[in-house]
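Student: 3D model of this:
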Amino acid sequence: MRYDKSHLSIDEQVARLTSRGMQGDPLMMAERLGVANYHRLTAYWHPFRLNDHSFVPATDFETVWRLYVFDRQLRLLVLDAIERFEVALRTQFSFHHSKLFGPFGYYDSPASSPNLGT
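Tutor: As a prediction, this is how the structure comes out:
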């Protein structure tokens, strides 16, 4: 497979975006492209792209960046909720398991467990 796209420096990425109609402070754009790369941010400016790869007039890099930050914050909130649920579930599982099988029940084979009716 042949890949024809060449490497672009951060400044060249900023130039490409601005040549396609993206507005914003070039220094700020370069700084943010250095933190969250061009391809990662592509998903966030995709709604503003036209078929010819240019941008809808008045598309601002700051708007794209705010979408990226919102998505990142939402992801962190969701992961925090998942972690809390996981810890609570494991706590309950551990509590009930040790109640049924004793503090070292995980070492016992099912056939030797006194609480399984064997």
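Student: chain center to the top helix by length along the chain, what's the gap?
Tutor: Longest helix in the chain by number of residues (criterion: DSSP state H): helix 61-101. Here the centre of mass of C-alpha atoms in helix 61-101, compared against the chain's by CA atoms, centre = their mean, to the nearest Å, lies 13 Å away.
Student: who's in contact with Met29?
Tutor: Applying CB atoms under 8 Å, 6 or more residues apart in numbering, one finds that Met29 lies in contact with 14, 17-18, 22, 61. Glycine gets a C-beta too; all of them are placed from N, C-alpha and C.
Student: again, only using 7 Å
Tutor: 14, 17, 61 (CB atoms under 7 Å, 6 or more residues apart in numbering).
Student: Hmm, the last one is touching Gly21, no?
Tutor: No: using CB atoms under 7 Å as the test, Phe61 is too far from Gly21 to be in contact (11.0 Å).
Student: quick one: which of these two has more around it?
Tutor: Using other CB atoms under 10 Å as the criterion, Phe61 and Gly21 rank with Phe61 on top: 23 against 16.
Student: Report how many residues lie close to the residue nearest to that one when sequence neighbours are not counted.
Tutor: Using CB to CB, 6 or more residues apart in numbering and skipping the chain neighbours, the partner closest in space to Phe61 is Gly24 (3.2 Å). Residue crowding around Gly24 was assessed by other CB under 10 Å; the count is 18.
Student: does Gly24 really touch Glu62, like I thought?
Tutor: Yes: when contacts are counted by CB under 7 Å, Gly24 is listed as touching Glu62 (6.0 Å).
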